[in-house]
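Asker: Everything below, folded, please.
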Amino acid sequence: MKKVILVFSLVLMTPIGLFSQENNSTESYKTNGLWDNWFVNVGGGASIYFGDTQHDEANILERLTWGATASVGKWITPVYGARLTLQGGQKHTFNEKGAASNPGHKMATGYYLSAHADALLNFTNLVAGYKEDRVYNFIPYLGVGIATDHKKSLDNYLSPVAAVGFLNTFRISEKVALTLDISGQAVQSKFNDARFDTRVGDKIKRTTKGYNRQDWDGIGSATLGISFKLGGKQNFEKAVEVVDNSSLLDELNKQIDELVTENERLRKELEEAKNSKQTITETVIKDIPYPVQFEINKSSIDSASQEVVIYNVAQFLKNNNNTVVEIVGYADKQTGTPTINEELSKKRAQAVEDKLITEYGISKDRIVSSWIGDKVQPYPTNNWNRAVIITVVDSKH
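Answerer: Prediction:
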């Protein structure tokens, strides 16, 4: 009987262990409250006692009798749970047929009751993932506890018990399920009421197997039942995965620091350019184009070289009231599309015009603005064509 229990346990645990090793990426779920995910289960069915020689003394139908079970439990996660189970019923054991002290084929009837705590594993959720409305769940379990039979002697009244089984549930509604519980329990042989002969000298002594020596017998059961979910929350919600963004934050902070440093450098460069501006009345010549260069895909004026050109043209206009300025915006042909480049050249021309008007006080009447996009490339080098060309001309009266 020990070998049978050991083999049965190994058969139960081997696929669970193998799958657990392969399924390390099981999703995690939030832990529910103490009073959530409870259930009760009651059922009834058949029971059979397995002793050393019972199969020789009687057939299956003679040994078969009734059994019942009741349990209360809680699911801690969608995969793992626990329950307390009461299991009992009738047991039929049979005397040895050839016993001189008890000739004939005679059955001994007794009763047993066991209580064991079980660890539950929802194998279906483990394999296929948690699904609240799944119709069928396969739930192996292992348990330990204590059992008693009808004997009055305290020495033969209690026995430790080890339980192993398969609970099958079939969903009927949100809170009700049918159950099929197939289980085996290992109990001490004191539960075996069969009598047999032992010889003491010339005399034959009639005794009971359980009183002579203790090994292990088994009780198998199969019960149909119904399970009810109790009050409280019954489903499980996925846990929100906490992502460590510290490295990303560090990188963003580094980029911010770099931008602040670059902004400060540009501010100083612009300030220095403004402080060093000189009128170049002698060098600004009418009808000569003066380019204001721009970076790729940009229309802002934020470099010293741009400022100096605009500043000197403005000073020339202030000193020569009979002149006007023509502004033409361009974009390079190798970047963007014609539509995008036309809009970009327009923004560049407007940026130069706004600078002359708002910062240097040049009247809009003295400015003629236009833009060409990439239709005309005034310079042979592609990058040079990212520009606005300023030309000072005589006023048209």
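
Asker: Mind naming the longest helix for the chain?
Answerer: helix 246-275 (DSSP state H).

Asker: How far away from the center of its chain is the very next helix or strand once past that helix?
Answerer: Per DSSP states H and E, the first helix or strand lying C-terminal to helix 246-275 is strand 289-293. Remark: strand 289-293 is offset 59 Å from the chain centroid, using C-alpha atoms, centre = their mean, to the nearest Å.

Asker: So in that sheet, which strands flank strand 289-293, and in what orientation?
Answerer: Using DSSP bridges, strand 289-293 pairs in its sheet with strand 387-394 (antiparallel).

Asker: so where is this protein shaky, pLDDT-wise?
Answerer: The chain contains residues with pLDDT under 70 at 1-26, 52-57, 95-106, 150-156, 194-214, 240-244, 273-283, 396-397.

Asker: ok, back up a step: tell me what the longest helix of the chain is packed against?
Answerer: helix 304-319 (3 or more C-beta pairs under 8 Å, 6 or more residues apart in numbering; DSSP states H and E). No exception for glycine: its C-beta is placed from N, CA and C like everyone else's.

Asker: just the angle between the helix it packs on and strand 387-394, please?
Answerer: On the basis of axes from the mean of the first three to the mean of the last three C-alpha atoms, to 10 degrees, helix 304-319 is oriented at 10 degrees to strand 387-394.

Asker: now for helix 304-319, which elements pack on it?
Answerer: helix 246-275, strand 289-293, strand 323-330, strand 387-394.

Asker: Pick the most buried one from those.
Answerer: Looking across those with neighbours counted as mean count of other C-beta atoms under 10 Å, the highest average goes to strand 323-330: a mean of 22.

Asker: contact partners of that strand?
Answerer: 286, 313, 316-317, 344-350, 352-353, 356, 362, 366-374, 376-378, 385-396 (C-beta atoms under 8 Å, 6 or more residues apart in numbering).

Asker: Please check the residues you listed and keep the buried ones.
Answerer: Listed as buried from the contacts of strand 323-330 are 313, 316-317, 344-350, 352-353, 356, 362, 367, 369, 371-374, 377, 385-392; burial here means 16 or more other C-beta atoms under 10 Å.

Asker: Pull out the buried positions in the helix or strand hosting Ser221.
Answerer: In this assignment (DSSP H and E), Ser221 forms part of strand 216-229. Neighbour-count burial for strand 216-229 flags Trp216, Asp217, Gly218, Ile219, Gly220, Ser221, Ala222, Thr223, Gly225, Ser227, Lys229 (criterion: 16+ other C-beta under 10 Å).

Asker: element containing Val161?
Answerer: Assigned by DSSP H and E, Val161 falls in strand 158-171.

Asker: What pairs with that strand, parallel or antiparallel?
Answerer: Strand 158-171 is paired, per DSSP bridges, with strand 136-149 (antiparallel), strand 176-188 (antiparallel).

Asker: Would you state the helices of the stretch 1-150 of the chain in chain order?
Answerer: Taking DSSP state H, counting those that start in this stretch to define them, one finds helices in the stretch 1-150 of the chain at 2-22, 54-57, 60-63, 123-128.

Asker: tell me the contacts of the closest residue to Gln293 other than its chain neighbours?
Answerer: Closest residue in space to Gln293, ignoring its immediate chain neighbours: Ala387 at 5.2 Å, by C-beta to C-beta, 6 or more residues apart in numbering. Counting by C-beta under 8 Å, 6+ apart, Ala387 touches Pro291, Val292, Gln293, Phe294, Tyr330, Arg348, Pro378, Tyr379.

Asker: Report the beta-bridge partner residues of the second one.
Answerer: The bridge-partner assignment for Val292, based on DSSP bridges, gives Val388.

Asker: and it, what does it touch?
Answerer: Taking C-beta under 8 Å, 6+ apart as the test, what Val292 contacts is Ile301, Gln306, Val309, Ile310, Arg348, Val352, Ala387, Val388, Ile389, Ile390.

Asker: Now flag whichever of these is closest to Ile146.
Answerer: Ile146 has its nearest neighbour among the contacts of Val292 in Ile301, at 90.0 Å by C-beta to C-beta.
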